[in-house]
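Give me a 3D structure for the following:
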Amino acid sequence: MEGRKLRCTQQVAILIRHLRRKKEYSQEYMAAHLDISQNAYSKLETGKIPMTIDRLCEVARILDIAPTDLLAEINADHHL
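Numbers count the residues shown, from 1 in each chain. This next block holds a predicted model:
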């Protein structure tokens, strides 16, 4: 079960990084909108720390995607 959580965390992190880059947002931009440090955001985006549901919703809002759509992308097992 723990390995599954990590894999999902990594998939979310990869997708978020992809969407952020597509919008040409910097990690600093994301961090400022989340009211966290750039270092803390980097750890979220690299999957070093798991993202809470609340944080996932905040990130999705900034990236202009519904959290459900973001998770659907993960379920579709896209490789970015």
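
Show me the strands in the chain, by range?
Counting by DSSP state E, one finds no strands in the chain.

Hmm, Lys43 is touching Arg55, no?
No. Applying CB atoms under 8 Å as the test, Lys43 and Arg55 come out as separate, 11.4 Å apart. Bear in mind the C-beta positions are built from the backbone N, C-alpha and C, glycine included.

Which strands and helices lie in contact with the longest helix along the chain?
Ranked by residue count under DSSP state H, the longest helix found in the chain is helix 2-22. Other elements packing on helix 2-22 under the criterion 3 or more CB pairs under 8 Å, 6 or more residues apart in numbering; DSSP states H and E are helix 38-45, helix 67-75.

Which positions in it come out as buried?
Using 16 or more other CB atoms under 10 Å as the test for burial, helix 2-22 gives 8-9, 11-17, 19-20.

from the middle of its chain, how far away would that helix be?
Helix 2-22 sits 6 Å away from the centroid of its parent chain (CA atoms, centre = their mean, to the nearest Å).

List of residues touching that helix?
Contacts to helix 2-22, defined as CB atoms under 8 Å, 6 or more residues apart in numbering, come from residues 27, 30, 44-47, 50-51, 56, 59, 63, 65, 70-71, 73-74, 78, 80.

How many neighbouring residues does Ile36 have?
Using other CB atoms under 10 Å, Ile36 has 16 neighbouring residues.

quick one, phi psi at it?
phi -130, psi 170 (degrees, to the nearest 10).

Show the pLDDT at it.
Ile36 is assigned 97 on the pLDDT scale.

could we number from 840 for the rest of this?
Got it, the first residue is 840 from now on, which makes the last one we talked about Ile875.
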